[in-house]
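> Quick one: sequence and predicted model below, then my questions.
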Amino acid sequence: MIRDITLGQYFSGESLIHKLDPRVKIIGTMLFIIELFIVDNFLGFLVAAVALGTVIAISKVPLSYIVRGLKPILFILFFTFALNIFMIQGEVIWQWKFLHITKEGINVAVFMAIRLFLLIIGSSLLTLCTRPISLTDGIERLLSPFKKIGLPSHEIAMMMTIALRFIPTLLEETDKIMKAQQARGADFESGNLIQRAKSLIPILVPLFISAFRIAQDLAMAMEARCYRGGENRTRMNEMKFKRRDYMAFALQTLFLGIIILEARLF
Amino acid sequence: MENIITIENLVFQYLRDEDGDTVQALKGVNLEIKKGSFTAIIGKNGSGKSTLAKNLNGLLLPTEGVVYVNGYDTKDYDHVWDIRQTAGMVFQNPDNQLVSAIVEDDVAFGPENLGIEPEEIRRRVNKALKDVNMGQFKKKAPHFLSGGQKQRVAIAGVVAMKPECIIFDEPTAMLDPKGRKEIMAIIDELHSEGITVILITHFMEEAVRADRVIIMHEGHVLLDGEPENVFEEEELIRSVNLDVPLMVQIGAKLRAKGINVPLNIITEEEMVDFICQYK
Amino acid sequence: MSIQVKNLKHIYEKGMPTEQIALDNISFDIKDGELVGIIGHTGSGKSTLLQHLNGLLKADEGNIIIGDIDITKPGVSMVQIRKRIGLVFQYPEYQLFEETVAKDVAFGPKNLGLSEKEIDERVREAIDLVGLDFEEIGERSPFELSGGQKRRVAIAGVVAMRPEVLILDEPTAGLDPKAHKDVLKMVRDVHEKTGNITILVSHNMADIANLSDKVIVIDSGKLVTLGTPKEVFSKKEVLRGVGLELPPITAFTEELRERGLQISDTILDVDEAVTEISKYLAKEE
């Protein structure tokens, strides 16, 4: 079922990583992604992997759970790997008709695969250890300095909150509509591409109508509860930097230094 | 008693299509709702009862006439938030009125919009969830809850804003009997705590609990009064395609057989007591 | 045509830690032409059972024999099953999608691969069966209709497939009293005119008591009891144990009996109750 996707899901826990301020975690994740692109040798990846492993260990999210979430994007990994291994020119070590594998190709392919792998695990750790609502709150706060140049940071965050709330509802709705149309003899599995695309109409039209109805009802309900945008709005969970957040921030900066140094030295 | 809501000659019309055709959903309604009262508004679909409800807190504004909530005209934009805080609203579809993916954050939504201090919000959220018996679900996601539970969260979200009046727009229409019972028990509880309740419904058995019943038909108030007086008009009520409570039906049928059942008997309890006195 | 369900079992998320037995050893027979009511509180397994009857879900154990075909056997064509078993879901008006009522009702028959002429005939017949006027609404958009009419159009969409069994999952949910009555009358009319098996799921005990020939009670995936409405609703304690109530009129007369009134038990009809009570009162006076 569609609901089995774990990528981007929250894994509830009480670990230090869970308790960190979402802003620290968002910045940390962004720094980690940048670091992965600074790294230019395998030793650097080893350092990054050890650091990531330590964070995972502290977070107490089971490794098997993280790996399960990777499944849907495994093919992207394979695709880039295959692309790199066959496309890079250089010293040929294997050839079959027009396909050839080079020493440089293997190098780049493995290099890129490791980078992508660490990148995906690193960023999925962010959503695994942060409540969706804290995540949107964090984004709102991080973006708020850009309000001055006209970026609607509150609205962006509110949209994300609502999306998170209604994705499961819409998935359920889709499931219901599909079953109902199947009961009327609809066939989604056979036929050529055009026929299949056509067979989606009986699902998409009711789904859109449903989404519009939800939007209308929700807007009404939000207005009735005095929603008037981000102005003068308070939050139940205030975000305050604690000692652990400053510590985490210091560690992140230190690690960035190490990675830059490593890239320079080796 | 003081009035919390006063409606004077309320007309509401809306555009039906692009050609400019209009429909008059409310055709001159005059009502006064007393503080602390429990009013049930009944009518079939299209009778104007939901439109009326949305006019009570400024979600819709009158085409003609005036609606006052706590003395404020709903058309007065400066006080629209006071009005909505005074008169909270619970809607029919439990799924489509929860904003947040976590129960307690959803209940906090209203108080947050009012700009209340964080510690006070926390207190109110905990209290409101306890009031509707949803305390143990505060960290859950709404889509794991039953319809009745979601509706209880929605009520908590309104209660946390400390309204003086709550308008329930068919809150049980999409629930199963168990959910319906839970919600009605909570409504009774809120009323006993002094909150003014306006309940829009088409379940007669729910209306019997109110201390005033208003029957809407085609944009007009057809009947208005205490339940026992309103339900005396069985034929008129049936003529506009509505039902009367089961005990009212039975009372009428027994009277037709020559048994003198008083007209003010409308609940099962009263009827059982009446019949058993002949034992 | 008849339906036999034998030792039906269904497990959700089999093999996962969240595994859940949704249906457990369910057996019952439905004879040709019966109107069967199924009751049980939300989450009791009713909907799961319905979805087995037309092949949307697969049984883990047991058999479902419809007419002469065991639909749990491998290789049975699901399209053939769905042609014979019509299932109307809760809030069916949410699946309407075509520009006109006629086109929407035609969706099912079209999927059966019928000729234009046959489709047109069936659409007219189905709209008529659900108590609507084809000339009046056939070319209108289904989205302009009232709630009760939309629901009937959606039901017509299934009726037009001329199923040999019609299953309705809470066809009156969320309707106002008038539309509620209309849809109930429609269910009875369709049942009488086609003479087919009709299965009705509802939370409204009064409707179940008035309409059904047979009532099946389900709780936690198990069959609790089955019988005529009179038999089932006489088991007050059993029903209460699984969170179900008696029809309001029955609850009322049983309350009177508990208070010592000598009237007959398990009264399911308002007029019968009134006759009994007035007889009793006349005797006492």
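Structure received. Numbers count the residues shown, from 1 in each chain, chains lettered A, B, ... in the order given.
> And for the residue in chain A that chain C sits nearest to, the neighbour number?
In chain A, no residue comes nearer to chain C than residue A:185, which is 3.2 Å away by Cβ to the nearest Cβ. C-beta here means a position set from N, CA and C on the backbone, and glycine is covered the same way. Other residues within reach of residue A:185, judged by other Cβ atoms under 10 Å in any protein chain shown, total 20.
> quick one, phi psi at it?
phi 90, psi 10 (degrees, to the nearest 10).
> Can you check the pLDDT for it?
Looking at residue A:185, its pLDDT is 86.
> Contacts only, for the residue lying closest to it once chain neighbours are set aside.
Spatial nearest neighbour of residue A:185, excluding adjacent residues (Cβ to Cβ, 6 or more residues apart in numbering or on different chains): residue C:111 at 3.2 Å. The contact partners of residue C:111, taken as Cβ atoms under 8 Å, 6 or more residues apart in numbering or on different chains, are A:184, A:185, A:186, A:187.
> residues in contact with the residue of chain A closest to chain C?
Contacts of residue A:185 (Cβ under 8 Å, 6+ apart): C:79, C:82, C:83, C:107, C:108, C:111, C:112, C:161.
> doesn't the third one fall inside a strand?
Yep, that's residue C:83 we're talking about. No - according to DSSP: H, G, I helix; E, B strand; the rest coil, residue C:83 belongs to no strand; its state is helix.
> who touches it in this structure?
Per Cβ under 8 Å, 6+ apart, neighbours of residue C:83: A:185, C:112, C:161, C:163.
> and it, how far is that from residue A:237?
55 Å (Cβ to Cβ, to the nearest Å).
> Can you list phi and psi of residue B:214 for me?
Residue torsions, per degrees, to the nearest 10, at residue B:214 are phi -120, psi 130.
> With the one 3 residues further on instead?
Residue B:217 adopts backbone torsions of phi -150, psi 120, taken as degrees, to the nearest 10.
> That one - how many residues pack around it?
21.
> Just the buried residues of the contacts of residue C:111.
For the contacts of residue C:111, a neighbour count by 16 or more other Cβ atoms under 10 Å in any protein chain shown gives the buried set as A:184, A:185, A:186.
> In which helix or strand does the last one reside?
To tie it back to what came earlier, the one meant is residue A:186. Using DSSP states H and E, residue A:186 sits in no helix or strand.
> sorry, back to before: which one of the contacts of residue C:111 is nearest chain B?
Of those, the one sitting nearest to chain B (Cβ to the nearest Cβ) turns out to be residue A:184, at 23.4 Å.
> can you list the contacts of residue A:185 in JSON lines and add pLDDT?
Shown next, in JSON lines, are these (pLDDT from 0 to 100):
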{"residue": "C:79", "pLDDT": "76"}
{"residue": "C:82", "pLDDT": "81"}
{"residue": "C:83", "pLDDT": "83"}
{"residue": "C:107", "pLDDT": "95"}
{"residue": "C:108", "pLDDT": "93"}
{"residue": "C:111", "pLDDT": "90"}
{"residue": "C:112", "pLDDT": "89"}
{"residue": "C:161", "pLDDT": "93"}
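> now the helices: where do they sit in chain C?
C:46-53, C:78-84, C:101-111, C:116-129, C:134-137, C:147-159, C:177-194, C:205-211, C:229-233, C:236-241, C:248-258, C:270-284 (DSSP state H).
> among these, which gets the worst mean confidence?
Among these, helix C:78-84 carries the lowest mean pLDDT (a mean of 81).
> returning to that earlier point: let's see if you can find the most crowded of the contacts of residue C:83.
Busiest of those [other Cβ under 10 Å] is residue C:161, holding 25 neighbours.
> Ramachandran angles for residue B:225?
According to degrees, to the nearest 10, residue B:225 has phi 170, psi -170.
> so what's it up against?
Contacts of residue B:225 (Cβ under 8 Å, 6+ apart): B:212, B:213.
> List the residue ranges of chain A that fall below the pLDDT cut-off.
A:1-8 (pLDDT under 70).
> now for stretch A:124-143, what's the gap between its first and last residues?
For stretch A:124-143, the first and last residues are 21 Å from each other (Cα to Cα, to the nearest Å).
> related to what we said a few turns ago, any idea which of the contacts of residue A:185 is closest to chain A?
residue C:111 (3.2 Å).
> For residue C:79, give me its contacts.
A:185, A:187.
> Could you check how far it is from residue C:55?
Taking Cβ to Cβ, one finds residue C:79 at 9 Å from residue C:55.
> Find the nearest non-adjacent residue to residue A:63, please.
That would be residue A:56: by Cβ to Cβ, 6+ apart, it lies 6.8 Å from residue A:63.
> Sorry, wrong one. I was asking about residue C:223.
residue C:26 (5.0 Å).
> Quick check: phi and psi at the residue of chain A most remote from its centre.
The C-alpha centroid of chain A is most remote from residue A:97, which lies 39.4 Å away (Cα atoms, centre = their mean). Per-residue torsions, residue A:97: phi 50, psi -120 (degrees, to the nearest 10).
> cool, and residue A:101?
phi -110, psi 130.
> repeat for residue B:7
Torsion angles at residue B:7 (phi, psi; degrees, to the nearest 10) stand at phi -120, psi 120.
> can you pull the pLDDT of it?
96.
> And for residue C:17?
64.
> Same check on the one 10 residues further on?
Residue C:27 carries a pLDDT value of 95.
> Have a look at the chain and report its longest helix.
Because you didn't say which chain, this covers chain A. Every helix in chain A considered (DSSP H), the longest is helix A:153-183.
> That was the other one, I meant chain B.
Longest helix in chain B, counting by DSSP H: helix B:177-192.
> Tell me who's in contact with residue B:218.
B:27, B:47, B:48.
> Among the residues you listed, name the ones in strands.
residue B:27 (DSSP state E).
> Neighbour-wise, which one of the contacts of residue B:218 leads?
residue B:47 (25 neighbours).
> can you tell me which residues contact the residue nearest to residue A:63?
Counted by Cβ under 8 Å, 6+ apart, residue A:56 has contacts A:63, A:66, A:121, A:125.
> Can you tell me which of those are classed as buried?
Buried, going by 16+ other Cβ under 10 Å: A:66, A:121, A:125, out of the contacts of residue A:56.
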